[in-house]
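In: This is a predicted model, with the sequence first.
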Amino acid sequence: MGVGEVTINALQACVGVGAIAYAISGVGLNLQFGFTGLLNLGHAGSMMMGAYGTAIFVEVTGFSDSNLWVRLPILGAGVLIGILAADIMGFILGLFTLKLRHEYLAIITIAFAEILRRVIRSKWGKENLETGGANGIQNFAEAFYNISPIPPNGHYGIGDFTFTGRQVWLFLWALPTLILIILLIRTLLNSPWGRVIKAIREDEEVARSLGKNVFLYKLQSLCIGGTIGAIAGILFAFERQNVTPDDFEPELTFYVYTIVILGGTSKIWGSVVGSIVFWFSLIWLEGIVKLAINENWLWVASVLKLNNAQGGVIRFILVGLTLILLLAFRPEGILGKKEGATANG
Amino acid sequence: MDDVFVKKSDPILEAEGLKKQYGELVAVNVNHLEIQRGQVTAIIGPNGAGKTTFFNLLTGFTRPNQGSWVLNKKSGGQNIPTLIGGLPTYQIARAGMVRTFQVTKTLDRMTVMENMLLSSQKQMGEKMLRSVWPNWKTQQYLDTQKAEELLARYGLKEMKNNYTSTLSGGQRKLLEISRALMADPELLLLDEPLAGVNPALIEKILGYMRDLANQGVTIVFVEHNMDAVVDVSDWVVCLAEGSVIAEAEPKNLINNQAVIDAYLGR
Ligand SMILES: Nc1ncnc2c1ncn2[C@@H]1O[C@H](COP(=O)(O)OP(=O)(O)OP(=O)(O)O)[C@@H](O)[C@H]1O
Ligand SMILES: [Mg+2]
């Protein structure tokens, strides 16, 4: 593997379904964080509810049915149930936390998401909720790939930059989903509803003093953001055909925050740019660090005694460092304007 | 303390035994207070007398330890409900009692016009499901016209597309007043509206306050500028250590010994 190959891998990752799913997730989080001012640290929980809601429903109903026309509607219903599950979670969480101050919202959301994840991972969850425990659930979205008109094993692209038929099929669904969500959220944010949302971010006492039911708006924002997070989680799970509890650790929420902040919180489509940059950097750094260790660049292997496993961790250190530098020197993000950042989606 | 309560012929607001304590400190302790409809009432009193806290209690920003207040008990068939203190802030505002803040609160990353439009009480597009379909634009158009008139009156029209973070302190004060007016309040509570405003503009604002009162808007304002208070108010209430120590017409109140001792200090 050389630098060229590493770069192509990174380019593929940053336009793939994974990157789209993260971008979608970022849009949901940015509505809550960037526009409403809600410090939700349980976003991974919404994504998890979406993915698990779908997978569990498929598993307990029509998983093993051989007839595609039974499995397909079940998968569709599963997706809706996944979204609904995330919504209900957002609603309940909101009821109990939105009257509290910022810090408490942050603490409770992160704790709640993690507790849910532990329950799903546990033996109890495996036995009573069909969560599959630590191993999760596999191949639940087969029906989706069965109806693909694109030959699944073909390769599509130029040179080394290719995708499989399955990847292309999912991509064809993921990209319009992303665009639709962005358009919908933009419409909302540019409407009087969005004006109230932004006013709540700026100073919720003003909104209250002018007759706005701040609690209701926050709850709506939390639920819409959660719904979008769930859709992202479902796409993510479809891509891997696999959900495990360890995909939804609290770090996931922080990756999505990184994406939102990278892209700039003042633009709803900033998350798209953020996701592309995030995925490119992550995969590229992974490849480069590996290369550096294998080829002993700058004596990293002989003097610093780094091995491949440690190399894998370094990229996350670099991501964290990037985030810190961004917040310190360019808090408005890559796209954001410096003075009086525009408040329009 | 003597009971200084004066009954009003047509009160828009009646406070009854309203008390707020912070630990040992009694911030507000108002036995009876009535505010006459359609008049300009000033609330004066030394720093820390409880004027702002009283506003906070009325608008639901702070919950009283005891007591209640009623808005529009004798609203005479108008479609404003009778309210008992304890409602959420936003419902109090919707019922027609709108306030401004002593420490100005503008929405910095929004434009002057957005600040104004936010205050509209008729915009159905603020409902989530209705916002998706753009037929809220008709109301927005009407609101924009109204906002422009108000902004022009307060000398802010040229800045309508500026972010409020770029306004000066006095301009923010003016924006806050225009924004409150945009909500068509029946009862307007202004917390030190003249602080930091230049003399010429003070004259203008006092003029507008009189105009509003003539149009039937009831105004209660807190102010330390006694010339302005005497100039504009129909009635003055003096608070000290949380309690009403005197209420009277301005001419009479400034000669009240209790007020001189506690506040004016002549
Ligand atoms: N949140 C609070 N916690 C504790 N004490 C408070 C709080 N709010 C107000 N107080 C106290 O209540 C008293 C009344 O305060 P308030 O702000 O109502 O005074 P004020 O009459 O508006 O004064 P000023 O003319 O200086 O604005 C003060 O002694 C203040 O310290
Ligand atoms: Mg005060």
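Out: Structure received. Ligands and ions are numbered 1, 2, ... in the order given.
In: For the rest of this, base every contact and every neighbour count on C-alpha atoms.
Out: Noted.
In: would B:L189 count as being in a helix?
Out: No: secondary structure of B:L189 (DSSP: H, G, I helix; E, B strand; the rest coil): strand, not part of a helix.
In: which one is it nearest to, not counting chain neighbours?
Out: Closest residue to B:L189 apart from its sequence neighbours, by Cα to Cα, 6 or more residues apart in numbering or on different chains: B:R99 at 4.4 Å.
In: same question, B:H224
Out: B:I44 (6.5 Å).
In: Show the contacting residues for the one you found.
Out: Contacts for B:I44 (Cα atoms under 8 Å, 6 or more residues apart in numbering or on different chains) come out as B:51, B:222-224, B:236-239.
In: if we can go back for a sec, test my guess that the residue nearest to B:L189 contacts A:A207.
Out: No: at 11.5 Å, B:R99 does not count as touching A:A207 under the criterion of Cα atoms under 8 Å.
In: Settle it for me: which of the two has more neighbours?
Out: B:R99 (28 against 25; other Cα atoms under 10 Å in any protein chain shown).
In: And the pLDDT at the more buried one?
Out: At B:R99 the predicted local distance difference test score is 95.
In: cool, and A:I185?
Out: Reported pLDDT for A:I185: 96.
In: And B:T82, by the same measure?
Out: 52.
In: cool, B:P199 as well?
Out: 89.
In: residues in contact with the residue nearest to B:L189?
Out: Per Cα under 8 Å, 6+ apart, neighbours of B:R99: A:209, B:55, B:59, B:180, B:188-191.
In: One more: B:R37?
Out: Neighbour list for B:R37: B:10-13, B:216-218 [criterion: Cα under 8 Å, 6+ apart].
In: Look at the nearest residue in space to it that is not next to it in sequence and tell me its secondary structure.
Out: Excluding the flanking residues, the one nearest B:R37 by Cα to Cα, 6+ apart is B:I12, at 4.9 Å. Counting by three-state DSSP, the backbone at B:I12 sits in strand.
In: Tell me how many other residues crowd B:I12.
Out: B:I12 has 21 neighbours, counted by other Cα under 10 Å.
In: which helices and strands sit right next to the helix or strand of chain A with the lowest mean pLDDT?
Out: In chain A, the helix or strand scored least confidently by mean pLDDT, DSSP states H and E is helix A:308-329, which has a mean of 79. Packed against helix A:308-329 by the contact rule (3 or more Cα pairs under 8 Å, 6 or more residues apart in numbering or on different chains; DSSP states H and E) you find helix A:250-263, helix A:270-294.
In: Can I get those helices in CSV including distance to chain B and mean neighbour count?
Out: As requested, the helices and strands packed on helix A:308-329 are exported to CSV (distance: least, Cα to the nearest Cα, whole Å; neighbours: other Cα atoms under 10 Å in any protein chain shown):
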stretch, distance to chain B, mean neighbour count
helix A:250-263, 17, 24
helix A:270-294, 18, 23
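In: For my notes, confirm B:V220 occurs in a strand.
Out: Yes: counting by three-state DSSP, B:V220 is located in a strand.
In: does it really touch B:L188, like I thought?
Out: Yes: here B:V220 reaches B:L188: they are 6.2 Å apart, a contact under Cα under 8 Å.
In: if we can go back for a sec, and the contacts of B:R37, which two are the farthest apart?
Out: B:L13 and B:G216 (14.3 Å; Cα to Cα).
In: Please identify which of the two sits among more neighbours.
Out: Shown here are B:L13 and B:G216; by other Cα under 10 Å, B:L13 has more neighbours (22 against 14).
In: which ones are touching the more buried one?
Out: B:L13 touches B:34-37, B:69-73, counting by Cα under 8 Å, 6+ apart.
In: coming back round to it: can you tell me how far the residue nearest to B:L189 is from B:Q139?
Out: Separation of B:R99 from B:Q139 (Cα to Cα, to the nearest Å): 23 Å.
In: Now the lengthiest helix in chain A: average pLDDT?
Out: In chain A, taking DSSP state H as the definition, the longest helix is helix A:68-97. Per-residue pLDDT over helix A:68-97 has a mean of 91.
In: Pull out the buried residues from it.
Out: Buried residues in helix A:68-97, counting neighbours by 16 or more other Cα atoms under 10 Å in any protein chain shown, are found at A:71-72, A:74-91, A:93-94, A:97.
In: now stretch B:131-147
Out: B:131-132, B:136-137, B:139-140, B:143-144, B:146-147.
In: export the residues you listed to a markdown table and tack on distance to A:A230?
Out: Listed next are the buried residues of stretch B:131-147 as a markdown table, based on distance: Cα to Cα, whole Å:
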| residue | distance to A:A230 |
| --- | --- |
| B:S131 | 23 |
| B:V132 | 21 |
| B:W136 | 30 |
| B:K137 | 32 |
| B:Q139 | 35 |
| B:Q140 | 34 |
| B:D143 | 37 |
| B:T144 | 38 |
| B:K146 | 42 |
| B:A147 | 40 |
